[in-house]
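Enquirer: fold the following.
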Amino acid sequence: MTQKSFDVNTLEPLEKVNRTPKQFEPPFQPYKSGEDMVPPFFPLGNDEYRVRFNASTHDNEGLIRKGTPESMANTWRLREKLEKRIDEYTFFDLDEQQGADSLVVTWGITADAARDAVASMRKSGKKVDLLIVKTILPIPPQIFKIIDSYDRVTFAEENMTGLYKELIFGKRNRPNIRTATSFGTMVSPSKIIATVN
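Expert: Predicted coordinates:
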């Protein structure tokens, strides 16, 4: 839905990440974790252990099990690990301008339109900040803290109703919370500007 040109020579070189499997208490089970809630993760195709990868509800062996205590505990482990370690994978870009009390919040494909809208508003003298959220769910506490620090917030999202806004504020309408949404076409910078103003 969008294209952009860039010079590949400006990208930093990729470096291979060598991972050493974690120590574990035998017998080896690909999804059995320790206190840190992280399994040992031996590489696929290693010569020592059978490794399974599974995104369905599974037990410590990686076998699909829908309702066993072990598979349910593994699913709860994933949720607890996400919530306990959320600071480790909270990613966002916050472009601040001194004195701004208005914030545009966006994510995904609408980020470029939001950048253009904020740049245009700043050129016309409006003080506005931009938050591009990259960790969507669960909503990191830092995101709540940033949003709560502004008098006016506009969510720019390409969906029917402003789904991210609804995750944070529910269906209640608040006078200081606005949405610039589009469905079937991309959100334009001009729509974001009109909504903020």
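Enquirer: dump the residue contacts of the most centrally placed residue in the chain.
Expert: In the chain, the centroid-proximal residue (CA atoms, centre = their mean) is residue 135; its distance is 1.7 Å. For residue 135, the contacting residues are 86, 89, 90, 91, 92, 143, by CB atoms under 8 Å, 6 or more residues apart in numbering. In this view, the C-beta of every residue, glycine as well, is placed from N, C-alpha and C.
Enquirer: excluding chain neighbours, give the residue nearest to the first one in space.
Expert: In space, not counting the residues next to it along the chain, residue 86 is nearest to residue 140; the distance is 5.3 Å by CB to CB, 6 or more residues apart in numbering.
Enquirer: list the buried ones in the helix with the most length in the chain?
Expert: If you go by DSSP state H, the chain has its longest helix at helix 69-84. Of all the residues in helix 69-84, those buried under the rule 16 or more other CB atoms under 10 Å are 70, 71, 74, 77.
Enquirer: got phi/psi on residue 11?
Expert: phi -80, psi 140 (degrees, to the nearest 10).
Enquirer: picking that back up, how many neighbours does the residue nearest to residue 86 have?
Expert: 19 (other CB atoms under 10 Å).
Enquirer: could you do residue 133 as well?
Expert: If you count neighbours by other CB under 10 Å, residue 133 ends up with 23.
Enquirer: can you pull the poorly scored residue ranges out of this structure?
Expert: 1-2 (pLDDT under 70).
Enquirer: which residue ranges form the strands in it?
Expert: 92-95, 102-107, 129-133, 152-157, 177-181 (DSSP state E).
Enquirer: and the contacts of residue 135 as CSV, adding distance to residue 165 and neighbour count?
Expert: Shown next, in CSV, are those (distance: CB to CB, whole Å; neighbours: other CB atoms under 10 Å):
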residue, distance to residue 165, neighbour count
86, 20, 15
89, 22, 10
90, 19, 16
91, 19, 9
92, 16, 15
143, 12, 20
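Enquirer: and which of those is nearest to residue 155?
Expert: Checking those against residue 155 with CB to CB, the nearest one is residue 143 at 11.8 Å.
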